[in-house]
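A.B. asks: structure for the following, please:
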Amino acid sequence: MKLLKFLKPIYLGSLILLFLFPYNLVNARSTSEINNDINNQQKELEQKEIELNQLNNAIKDYESVIDNAEVGLPTLEAELKKLEKEIEYYELELEIFNQNKVIKELEREQRELTRINSIKTNYMDWRVKDTDINKILKENLDRKLAEKYASVILNKQNSDITVVSSEIAGLNDDILDFEDRAEELNNKKSDTEKKKQDLEAQIAYYNSALSYAGGQIGSLEGQISSIKGNILSLSEEQRVAILREEELLRLNQGTLGNSNCTNDPSAPSGSMYFCGNGRDLAMGHGVGMSQYGAKGAADLGWNAQQILEFYYPGSALTSSGLSSEISVKYCQSNPALDPYQDGCNDGRAPVTERVSFDTYLAGLGEMPESWPIEARKAQIIAARTYAAKYTGNGNPNYPICLTTYCQVSYFKNGDTSELSIAQATSGQVMMYGGDFIEALYSADNNQGNGTADYDTRFQTLEGNATASRPYLTSVNDNQFAQVSRMYWNYYCQDSACGLWNWKTFSYSIGDIEDMLYHNGLGQWMIAIGGLSSISFERDPSLRVKRVYMYGTNGQSRVIGGWWFKYFWNEWVAARGTYDFIYSQTYYLNTN
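C.D. replies: Sure thing, here's the model as predicted:
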């Protein structure tokens with residue numbers, strides 16, 4: 001009776017272990033079924049990881065687009081696409097986390113089944129093996145011996161399930177970790193969605209800012225910021241320098257309002273400072289037709305021919321000698337925004353196509369549609385002339401692009417709003433001496449006294465012209481240019497920026513000499529015995545054409561006015577001050 005009394009709790013305890021999981025044992029799936037689910041989930045997970053890698057590459061591509069895009073709307077649009085891809089990336093990462101969580105839960109289910117089976121197996125072994133109950137009954141009914149055996153049975157069971165229990169605990173930790181990481185990823189996704197909303201608002205504002213008097217500015221802001229080095233007669237040296245200076249000036253575009261050329265009483269006596277009018281980065285290169293000047297002239301009643309012959313003196317409007325077609329070269333993904341000189345952003349090769357001049361000009365995005373029709377006619381004729389010169393009058397070997405690298409045309413994007421004006425002026429071009437002129441233009445060429453001479457802007461290091469362009473000489477368009485200049489919404493918040501006066505900090509003549517040494521002109525300084533003073537030669541627009549550098553030994557050297565400005569901006573950028581000379585209309589005053 002004593003033995004049976006003792007065995008009863010052991011037997012019942014084992015039954016309790018067995019029947020703690022009655023539903024699981026009856027209804028649980030088999031290990032093979034769970035393994036099959038795990039394999040299926042793993043396959044889905046592998047596919048999602050491939051998609052995640054593709055999204056990651058797409059994000060990197062858009063980062064590259066942003067690095068190379070024009071500052072302005074193209075940059076914002078590329079940034080928006082990048083954020084959209086990042087949101088997709090986060091969503092897919094969440095799916096992967098959830099997929100991993102499902103796999104871990106299946107593995108936990110598998111381990112729990114293993115643990116249950118282990119309990120069941122040990123219990124059955126205890127019931128049937130020779131070393132269990134039967135052996136105990138053959139003993140001397142010693143209670144201590146029974147207790148010892150019960151301990152052996154329990155230890156065996158514990159040793160079998162301890163590893164499995166540890167694995168389950170680890171899986172539970174993994175599942176909690178996935179949940180925490182998923183929450184963190186959800187937060188990142190929410191932050192990115194907020195950035196996307198903010199960026200969409202910026203783009204909406206930007207598009208609004210590019211609208212004037214009910215019209216659409218199109219890509220004018222992109223045009224006025226850079227000529228992209230596509231002046232046909234430009235030297236390669238200056239082509240590279242122009243792009244470099246544009247990059248520098250974007251580091252600090254200056255403060256708005258007037259910074260008049262007044263002495264600084266706190267500066268050392270005899271120190272010097274530069275000051276001036278305008279900002280070349282925003283207004284344009286200053287040579288040829290001013291787009292805002294053309295608008296102002298048209299507002300006064302001038303027709304297209306009068307505008308063009310005023311801005312390109314000595315040239316004449318003609319309708320002869322023009323090829324009917326030209327070749328255009330573009331990127332398929334976004335013809336008007338993706339450059340082809342540096343490769344297409346989608347990785348594909350550019351496409352070349354023959355089109356009529358009028359088709360190409362129908363999508364011209366160089367002037368708002370709300371502006372006077374005579375100004376827009378002048379723009380179309382200037383653009384047609386520029387394209388004729390650029391392409392060698394339609395030579396298939398010299399295609400023109402559709403971006404700010406050449407002239408913007410949206411006809412491949414479906415915008416042909418200028419078709420009627422292109423047709424009304426069909427075949428009309430500007431010529432000089434029997435040849436097409438290089439019809440340069442930019443947004444606002446007036447920095448106080450009209451447009452610049454060609455050799456003031458496009459020049460050798462010594463300030464000489466890179467080519468003969470007698471029709472690109474300074475003209476004074478103050479009568480209509482200054483009153484029609486843009487209210488630069490993006491920069492001025494609906495207030496007229498005027499001439500955008502600016503002023504540098506104070507410097508010494510030794511600083512100017514250091515600047516010249518920094519830019520590789522040390523031999524010039526040695527030849528003149530060190531710098532003692534400088535003076536400026538100006539063109540009729542008052543832009544600096546040449547800078548004369550006088551030495552202590554009576555010798556002198558001459559450097560182009562544009563090059564002096566460029567070298568100064570390189571020097572201050574290297575110093576980290578960004579105290580730029582913002583335009584070629586600059587002066588040097590003494591405190």
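A.B. asks: and Gly394, what does it touch?
C.D. replies: Listed by CB atoms under 8 Å, 6 or more residues apart in numbering, the contact partners of Gly394 are Ser323, Ser324, Glu325, Ile326, Ser327, Phe357, Ala388. Quick note: C-beta positions are derived from backbone N, CA and C, even for glycine.
A.B. asks: from these, which would you call buried?
C.D. replies: When the contacts of Gly394 are checked for burial by 16 or more other CB atoms under 10 Å, the buried set is Glu325, Ile326, Ser327, Phe357, Ala388.
A.B. asks: which of the contacts of Gly394 lies closest to Leu281?
C.D. replies: Of all the contacts of Gly394, Leu281 sits closest to Ala388, with 28.6 Å by CB to CB.
A.B. asks: and that closest one, which of the three is it?
C.D. replies: Three-state call for Ala388 (DSSP: H, G, I helix; E, B strand; the rest coil): helix.
A.B. asks: now do it against Ser535, distance only.
C.D. replies: Going from Ala388 to Ser535 by CB to CB, to the nearest Å gives 41 Å.
A.B. asks: contact partners of stretch 84-97?
C.D. replies: Residues contacting stretch 84-97 (CB under 8 Å, 6+ apart): 45, 48-49, 51-52, 55-56, 58-59, 62, 178, 181-182, 185-186, 188-189, 192-193, 196.
A.B. asks: Ser533: how many residues sit nearby?
C.D. replies: Using other CB atoms under 10 Å, Ser533 has 13 neighbouring residues.
A.B. asks: in which helix or strand does it reside?
C.D. replies: strand 531-538 (DSSP states H and E).
A.B. asks: could you name the helices and strands sitting against that strand?
C.D. replies: helix 509-518, strand 544-551, helix 561-575, strand 585-590 (3 or more CB pairs under 8 Å, 6 or more residues apart in numbering; DSSP states H and E).
A.B. asks: which residues touch it?
C.D. replies: 463, 509-510, 512-513, 516, 525, 544-552, 561, 587-588.
A.B. asks: among the buried ones among the contacts of Gly394, which lie within strands?
C.D. replies: Glu325, Ile326, Ser327 (DSSP state E).
A.B. asks: and which of those is nearest Asn36?
C.D. replies: Within these, the smallest distance to Asn36 is 60.8 Å, found for Ser327 (CB to CB).
A.B. asks: burial of the residue lying closest to that closest one once chain neighbours are set aside, as a residue count?
C.D. replies: Nearest residue to Ser327, sequence neighbours excluded (CB to CB, 6 or more residues apart in numbering): Pro399, at 3.9 Å. By other CB under 10 Å, 22 other residues sit near Pro399.
A.B. asks: thinking again about what came up before, strand partners of the strand holding Ser533, parallel vs antiparallel please.
C.D. replies: Next to strand 531-538 in the sheet, as set by DSSP bridges, lie strand 544-551 (antiparallel).
A.B. asks: with just CA atoms, put the strand it pairs with into CSV.
C.D. replies: Output of strand 544-551 as CSV, limited to C-alpha atoms (Å, rounded to 0.1, in the frame of the first residue of the first chain):
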residue,chain,number,x,y,z
VAL,A,544,35.2,95.0,-65.9
LYS,A,545,36.7,93.9,-69.2
ARG,A,546,40.4,93.9,-68.0
VAL,A,547,42.3,94.3,-64.7
TYR,A,548,45.7,96.0,-64.8
MET,A,549,48.1,94.8,-62.1
TYR,A,550,51.0,97.2,-61.4
GLY,A,551,54.2,96.1,-59.7
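A.B. asks: give me the angle between that strand and helix 509-518.
C.D. replies: 110 degrees (axes from the mean of the first three to the mean of the last three CA atoms, to 10 degrees).
A.B. asks: ok, and for strand 544-551, which residues are buried?
C.D. replies: Buried residues in strand 544-551, defined by neighbour count with 16+ other CB under 10 Å: Val544, Lys545, Arg546, Val547, Met549, Tyr550, Gly551.
A.B. asks: ok, the closest residue to the fifth one other than its chain neighbours - contacts?
C.D. replies: The one in question is Met549. Leaving aside its chain neighbours, Met549 sits nearest to Arg557 (4.9 Å; criterion: CB to CB, 6+ apart). By CB under 8 Å, 6+ apart, the residues touching Arg557 are Leu521, Trp524, Ala527, Ile528, Tyr548, Met549, Gly551.
A.B. asks: could I get these in JSON lines, plus columns for pLDDT and distance to Glu86?
C.D. replies: Converted to JSON lines, the contacts of Arg557 look like this (pLDDT from 0 to 100; distance: CB to CB, whole Å):
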{"residue": "Leu521", "pLDDT": "92", "distance to Glu86": "47"}
{"residue": "Trp524", "pLDDT": "93", "distance to Glu86": "51"}
{"residue": "Ala527", "pLDDT": "94", "distance to Glu86": "57"}
{"residue": "Ile528", "pLDDT": "95", "distance to Glu86": "57"}
{"residue": "Tyr548", "pLDDT": "98", "distance to Glu86": "55"}
{"residue": "Met549", "pLDDT": "97", "distance to Glu86": "52"}
{"residue": "Gly551", "pLDDT": "96", "distance to Glu86": "58"}
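A.B. asks: okay, those in TSV with distance to Ser32 next?
C.D. replies: Converted to TSV, these look like this (distance: CB to CB, whole Å):
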residue	distance to Ser32
Leu521	82
Trp524	86
Ala527	91
Ile528	92
Tyr548	92
Met549	89
Gly551	94
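A.B. asks: and which of those is nearest Asp37?
C.D. replies: Among the contacts of Arg557, Leu521 lies closest to Asp37 (CB to CB), at 75.1 Å.
A.B. asks: separation between the closest one and Glu63?
C.D. replies: Leu521 sits 38 Å away from Glu63 when distances are taken as CB to CB.
A.B. asks: sorry, back to before: report the buried residues of the strand holding Ser533.
C.D. replies: Buried residues in strand 531-538 (16+ other CB under 10 Å): Leu531, Ile534, Phe536, Arg538.
A.B. asks: name the nearest residue to the first one, sequence neighbours excluded.
C.D. replies: It refers to Leu531. Nearest residue to Leu531, sequence neighbours excluded (CB to CB, 6+ apart): Glu513, at 4.2 Å.
A.B. asks: what about that neighbour, how many residues nearby?
C.D. replies: Glu513 has 20 nearby residues by other CB under 10 Å.
A.B. asks: quick check, it in contact with Ile526.
C.D. replies: No. Using CB atoms under 8 Å, Glu513 is not in contact with Ile526; the gap is 10.7 Å.
A.B. asks: common neighbours of these two, please.
C.D. replies: With CB under 8 Å, 6+ apart as the test, Glu513 and Ile526 reach no residue in common.
A.B. asks: tell me how far stretch 244-261 lies from the chain's centre.
C.D. replies: Counting by CA atoms, centre = their mean, to the nearest Å, stretch 244-261 is centred 20 Å from the centre of its parent chain.
A.B. asks: can I get the CA coordinates of it in PDB?
C.D. replies: What follows is stretch 244-261, C-alpha atoms only, in PDB (Å, rounded to 0.1, in the frame of the first residue of the first chain):
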ATOM      1  CA  ARG A 244      33.300  75.500 -61.800                       C
ATOM      2  CA  GLU A 245      32.400  79.100 -60.800                       C
ATOM      3  CA  GLU A 246      28.700  78.300 -61.100                       C
ATOM      4  CA  GLU A 247      29.300  75.400 -58.600                       C
ATOM      5  CA  LEU A 248      31.100  77.800 -56.300                       C
ATOM      6  CA  LEU A 249      28.500  80.600 -56.400                       C
ATOM      7  CA  ARG A 250      25.800  78.100 -55.400                       C
ATOM      8  CA  LEU A 251      27.600  77.700 -52.100                       C
ATOM      9  CA  ASN A 252      26.500  81.200 -51.100                       C
ATOM     10  CA  GLN A 253      24.100  83.100 -53.300                       C
ATOM     11  CA  GLY A 254      24.400  86.300 -51.100                       C
ATOM     12  CA  THR A 255      21.900  88.200 -49.000                       C
ATOM     13  CA  LEU A 256      19.100  90.200 -50.500                       C
ATOM     14  CA  GLY A 257      18.700  94.000 -50.100                       C
ATOM     15  CA  ASN A 258      21.100  96.700 -50.600                       C
ATOM     16  CA  SER A 259      24.800  96.400 -49.600                       C
ATOM     17  CA  ASN A 260      25.900  99.800 -50.800                       C
ATOM     18  CA  CYS A 261      29.500 100.700 -51.600                       C
END
